[in-house]
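Enquirer: Task: produce atomic coordinates for the following.
(2 chains)
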Amino acid sequence: QQQVKQSPQSLIVQKGGIPIINCAYENTAFDYFPWYQQFPGKGPALLIAIRPDVSEKKEGRFTISFNKSAKQFSLHIMDSQPGDSATYFCAASVETSGSRLTFGEGTQLTVNP
Amino acid sequence: GAVVSQHPSWVICKSGTSVKIECRSLDFQATTMFWYRQFPKQSLMLMATSNEGSKATYEQGVEKDKFLINHASLTLSTLTVTSAHPEDSSFYICSARDPSNYGYTFGSGTRLTVV
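Expert: Coordinates of the predicted model:
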């Protein structure tokens, strides 16, 4: 029940494309859903996060779509650039209880020039 | 924004020696810090949760005597890998939770190589 399933495992797009990464969860107590970007040899950096009271959130070229009834959320990267090539992790937690983050398996994104 | 500083960024040590990794929250007080281990092309694996002033809570399968965690202040947590062996070689990452905004901020990671 604590798992977060992430797909695809890897993704290759051309510059300007819109990669979409999907995550699904089971624990209905989760109320905080962040996405992290990680470059090789670095720690994860928060990209964008959403709470279940909204269905979509945009920050720059990054958009989270959230479907509470389906227990799914996804990350869309608009006008992708080669510099977006990285590993992306979705995560979930029960925010108010200070619980740990449960991470997805990660998606390795490659944006070709 | 919240900043978490982790040192060293990389370390090479001989088998049998101990290595200490520091994690500091620079602009907020972190009552809770987390330590992760990450293998190549894999997700982050939580090792333990440390709360300031109390004993760390270790995940199942993590040896508490090998991975000593100390969270003596609201801005500093340390992970000591004792009697390191080559199989302990990995990427270790800390995270701190900012109670003012519930955000989790990660350190830059430590690449440990045991030879």
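Enquirer: low-scoring stretches of the chain, by residue?
Expert: Picking chain A for this. A:1-2, A:96-98 (pLDDT under 70).
Enquirer: let's do chain B instead
Expert: Looking at chain B by pLDDT under 70, you get B:102.
Enquirer: need the residues of it near chain A, please.
Expert: Applying CB under 8 Å from any CB of the partner chain, we find that chain B lies next to chain A at B:4, B:6, B:32, B:34, B:41-44, B:46, B:49, B:91, B:93, B:95, B:97, B:99, B:102-109, B:111. Yep, even glycine has a C-beta here, placed from its N, CA and C like the rest.
Enquirer: and chain A, which of its residues are near chain B?
Expert: A:32, A:34, A:36, A:41-46, A:49, A:89, A:93, A:95-96, A:98, A:100-101, A:103-106, A:108.
Enquirer: List buried residues within those.
Expert: Buried subset of these (neighbour count, 16 or more other CB atoms under 10 Å in any protein chain shown): A:32, A:34, A:36, A:42-44, A:46, A:49, A:89, A:93, A:95, A:100-101, A:103-106.
Enquirer: Of the residues of chain B next to chain A, keep whichever come out buried.
Expert: Using 16+ other CB under 10 Å as the burial test, these include B:4, B:6, B:32, B:34, B:43-44, B:46, B:49, B:91, B:93, B:95, B:97, B:103-109 as buried.
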